[in-house]
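*Asks:* whatever this is, show me its structure:
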Amino acid sequence: MTRAGRTRRLAVRVGWTSFLLVGCGMTSLQTARTVPRGETQTTIAVSYLRNDQRYESLFPALPLDFMVRHGATDQIDLGARVFLGLGVLGDAKWNLLPRDRRTALAVSVGAGGAANPGGSNKASEIVHVPVGVTASHAVTSWFTPYASIGYGAYWIFNYADRDPTKTYAARTGTGDGLLMAHLGIELSRASGRALLLEYTYARPVVDDPGDQFSFTTNHFFSIGFHTGDGSPAFSR
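*Replies:* Numbers count the residues shown, from 1 in each chain. Here you go, the predicted structure:
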C-alpha cells in the first residue's frame, strides 16, 4: 500500500468517529406525510451503525438523531435536525398527494453544514445537500410502512493537513455522493406519539479525491420515537 493509500484509509477511519456524535444526518425517520399546518413534531432516535471497516468494533456505533418538523402549509413542512453534533441540517418536504389520502408521495430537499466533523484538522468543515423521494401508505390508522430513496452530496474542506512537499489530487467540485435508501414502519397512536423502526443503506457513488476523504458503504438500523400531530382522518 502506498503512503497515499494509508493516508486515505486513516481519513476514513478518523472521519467516521464524527458519526458517533449526535446527528449523523443519513437516516430518514419519517413517512411521506407532512406535519399538519401549524403543528410541530419532535423526533429522537438511536441507530446501530455497521460497515465493512475492520476497525468498526472499536467504537460503540450508536449515533443519535434529534429532529423537529413544523407544518408550513397543508402539504409542506419544514424540518431541522442536529447534524454531526456541531451543525444543523434543514429541509423542506412537499407531499404531492391530497392530505386525506392514505397514500402519500413526497419530495424533499435540504442543506446544512457542520464545523470540525471529526477530521484531523481542527478547522475542517462539511456542507451537505440531500434530495429524496418518499412514499408511504397508512394501512390502518396506526400502521404506516414507508420507503425512500435519495442522494446526499457532501463537500468536505480542510479535512487534513497537506504536506507542501507532496502533490495531491485536485478537487473535482462534485463533492462525495451517497445513494441512500430507507425502509421503515411507523406505529402511531391517536395522540401523535409513534414508534419508528427503520433500515438505511448508504452507498458511495461519487468520490472527490481532492478532499482527502472517502466514504464507505454503511448500514443503519434505527429505532425512534416522535410526538406531535395526532393521527389523521382518511377519506380514501
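
*Asks:* and the closest residue to Thr217 other than its chain neighbours, what pLDDT?
*Replies:* Leaving aside its sequence neighbours, Thr217 sits nearest to Arg203 (C-beta to C-beta, 6 or more residues apart in numbering; 4.9 Å). The C-beta positions use only the backbone N, C-alpha and C, and glycine is treated the same way. The predicted local confidence for Arg203 comes out at a pLDDT of 95.

*Asks:* cool, and Leu86?
*Replies:* Reading off the confidence values, Leu86 has pLDDT 77.

*Asks:* now do the contacts for Ile126.
*Replies:* With contact taken as C-beta atoms under 8 Å, 6 or more residues apart in numbering, Ile126 is in contact with Leu84, Gly87, Gly113, Ala114, Pro117, Tyr154, Trp155, Ile156, Phe157.

*Asks:* ok so, going back, need the contact list for the residue nearest to Thr217.
*Replies:* For Arg203, the set of contacting residues under the criterion of C-beta under 8 Å, 6+ apart consists of Leu178, Leu179, Met180, Thr217.

*Asks:* what's the first helix or strand after the worst-scoring helix or strand of the chain on mean pLDDT?
*Replies:* The element with the least model confidence among the helices and strands of the chain, by mean pLDDT, DSSP states H and E, is helix 3-15, at a mean of 39. Tracing the chain past helix 3-15, the next element assigned as helix or strand by DSSP states H and E is strand 40-51.

*Asks:* what's in contact with that next one?
*Replies:* Residues from elsewhere that reach strand 40-51 (C-beta under 8 Å, 6+ apart): 16, 19-20, 24, 27, 29-30, 35, 56, 61-71, 192, 196, 198, 200, 216-229.

*Asks:* mind running it again at 7 Å?
*Replies:* For strand 40-51, the surrounding residues in contact (C-beta atoms under 7 Å, 6 or more residues apart in numbering) are 19, 27, 29, 35, 56, 61-70, 196, 216-229.

*Asks:* now the closest residue to Phe66 other than its chain neighbours: how far from Ala114?
*Replies:* Closest residue to Phe66 in three dimensions, ignoring its sequence neighbours and counting by C-beta to C-beta, 6+ apart: Val82, at 4.8 Å. As judged by C-beta to C-beta, to the nearest Å, Val82 and Ala114 stand 9 Å apart.

*Asks:* circling back: report the lowest-confidence entry in the contacts of Ile126.
*Replies:* Taken together, these show their lowest pLDDT at Pro117, with 52.
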